[in-house]
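**Student:** The sequence and its predicted three-dimensional model are supplied below.
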Amino acid sequence: MRGAIRDLGVVLGAAWLARVAFVVAIGDAHSLDVDFWRTALAALDQGRNPYETGVLNWPPLWLVVIAAVDAVAGFLGVAFWTALRVYLVLVESALVVTLYVTLLSFGADRAAVRRALLVGIALNPVAIILVCQHGNSDVQVGLLVTLAVAALGAVLVTAAFSLLDVRTLKTFYQVDRREFALSLLATLGVATVGVVPAILVAVILALLRFVRLVSRPKVEILGSVPGLPGLHSIDRHPNAATIPGLVLFRFNAPIVFFNAPFFKRSVLETAEAAGPALKWFVIDMIPVTMIDITGVQAAADVIETLRARGVVLIAAGRETEWRLWAQSRQLKSGYRSFPTLRAAFNGYRRENRSPAVADAASGTNV
């Protein structure tokens, strides 16, 4: 704020000093237009139409201005030309302030704006002559136009910011930076290519991102964590305990055509990593909300491949739902099932007489 006041003081001070020096140099010299305006004012005082004099070719607003200036000059007891000069300098000063504020509000460099106003208006010989010798009203038109542009710019900027939900964008950034980037892309697209094309592109990108996420979902191996109920990812809990010969596998997505190969590859790679001691391969069915025909074929291939290695495929969770789903399609399941992962975990221990593992939920051994 202090810097802006200092800049305006420099520009306006230079402008006023230059104009005072010019007026002192030329005295009362003025253009013929000033005499024409005096003639028009005399006609107005006589009750005649000033435009009938043939000396006034400016719009009515200028006639109102010079009439007001003449009235103020008479009230103060100064010459009309002196009052007009002062008025035009004040209007020019208002134009400088308006331009300075407007340009800075649009992000212009403060030093560059100061230099431009000094050269373009304050110390510009043409501007000095028009105001102090010619008495031209162009500066008044310039002020009105600048005010209109500034007001329109303020309206547009305010409207743009009202459409920008900064709080929601902040939430997007905190939750998912890819979603944040997608929202910014949609916003820029609306501003550059239009609403419909931008939204269409944003929807397509969002769908592609969804397909990418579902085609490569997170795969987890689960184990029992001391002090925590349930079964948890061994990646997030390095101290999770597993039982030799048992794999608890979680595929965090439906099994459909664009991720079925990934599902099959993940299962077989996990089974291979478990080694020849593997007996049960348990799949957590809770995240698997649907399976299409490609998923069914991938699951059948997995069952046959594991069976050939002497490994039993177990489905844990959604037992009734998936049984009814298979019956409605007259499909024969080639796998065993349990209602929950814990039930499958306990079933394996019973059938294979595995060592007891601390159950965090009950605080007992299972």
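**Tutor:** Thanks, I have it. Residues are numbered from 1 along each chain as shown.
**Student:** Could you report the distance from F263 to V256?
**Tutor:** 9 Å (CB to CB, to the nearest Å). For glycine as for every other residue, the C-beta is placed from the backbone atoms N, C-alpha and C.
**Student:** quick one, which of these two is more surrounded?
**Tutor:** A side-by-side neighbour count of F263 and V256, using other CB atoms under 10 Å, places F263 first with 25 against 18.
**Student:** Other residues contacting the helix or strand where the more buried one lies?
**Tutor:** Taking DSSP states H and E as the definition, F263 sits inside helix 260-274. Contacts with helix 260-274, where a contact means CB atoms under 8 Å, 6 or more residues apart in numbering, come from 215-217, 219, 221, 247, 249, 251, 255, 278, 281, 283, 292, 294-295, 297-299, 301-302, 305-306, 309, 311.
**Student:** In helices, which of these fall?
**Tutor:** Filtering the contacts of helix 260-274 for membership in helices, criterion DSSP state H, returns 215, 294-295, 297-299, 301-302, 305-306.
**Student:** Least confident of these?
**Tutor:** By pLDDT, S215 ranks lowest within those, coming in at 88.
**Student:** my read: that one touches I255, true?
**Tutor:** No - with contact defined as CB atoms under 8 Å, S215 does not count as touching I255 (11.1 Å).
**Student:** Please identify which of these two sits among more neighbours.
**Tutor:** Neighbour comparison, S215 and I255: the larger count goes to I255, with 25 against 16 (by other CB under 10 Å).
**Student:** Which residue, neighbours along the chain excluded, lies closest to the more buried one?
**Tutor:** Excluding its sequence neighbours, the residue lying closest to I255 (CB to CB, 6 or more residues apart in numbering) is G295, at 3.4 Å.
**Student:** So that neighbour versus L32, what's the distance?
**Tutor:** Counting by CB to CB, the gap from G295 to L32 is 93 Å.
**Student:** Those two - which one has more neighbours?
**Tutor:** The neighbour comparison of G295 against L32 (other CB under 10 Å) goes to G295, with 19 against 9.
**Student:** what's the neighbour count on V89?
**Tutor:** Around V89 sit 20 other residues, with neighbours defined as other CB under 10 Å.
**Student:** Okay, and it sits in which element?
**Tutor:** Take DSSP H and E as the rule and V89 turns out to sit in helix 80-105.
**Student:** quick one, strands of the stretch 101-250 of the chain?
**Tutor:** Assigned by DSSP state E, counting those that start in this stretch, the strands in the stretch 101-250 of the chain fall at 219-224, 231-233, 246-251.
**Student:** list the helices and strands the second one packs on?
**Tutor:** Contact partners of strand 231-233 among helices and strands, from 3 or more CB pairs under 8 Å, 6 or more residues apart in numbering; DSSP states H and E: strand 219-224, helix 341-352.
**Student:** again, only this time at 7 Å
**Tutor:** In terms of contacts (3 or more CB pairs under 7 Å, 6 or more residues apart in numbering; DSSP states H and E), strand 231-233 is packed against strand 219-224.
**Student:** any residues touching the strand it packs on, and which ones?
**Tutor:** Outside strand 219-224, the residues that touch it by CB atoms under 7 Å, 6 or more residues apart in numbering are 231-235, 240-242, 247-251, 266, 270, 284, 341, 357, 359-360.
**Student:** Find the centremost residue of this structure, please.
**Tutor:** Note on the chain: the residue nearest the mean C-alpha position is L184, at 3.9 Å, using CA atoms, centre = their mean.
**Student:** now that one, nearest residue through space, not along the chain?
**Tutor:** Across the structure, with CB to CB, 6+ apart as the measure, the residue nearest L184 apart from its sequence neighbours is L169 (7.8 Å).
**Student:** Pull up the gap between the one you found and A206, please.
**Tutor:** Applying CB to CB, one obtains 16 Å for the distance of L169 from A206.
**Student:** Next: L313.
**Tutor:** Here the criterion is CB to CB. By it, L313 lies 35 Å from A206.
**Student:** and what of R350?
**Tutor:** The spacing between R350 and A206, counted by CB to CB, is 47 Å.
**Student:** just I243 next, same as before
**Tutor:** As judged by CB to CB, I243 and A206 stand 42 Å apart.
**Student:** Looking at those two, which is more packed in?
**Tutor:** Taking other CB under 10 Å, I243 and A206 do not tie; I243 has more neighbours (19 against 15).
**Student:** Quick one, grab the pLDDT at the more buried one.
**Tutor:** Here, the pLDDT recorded for I243 equals 88.
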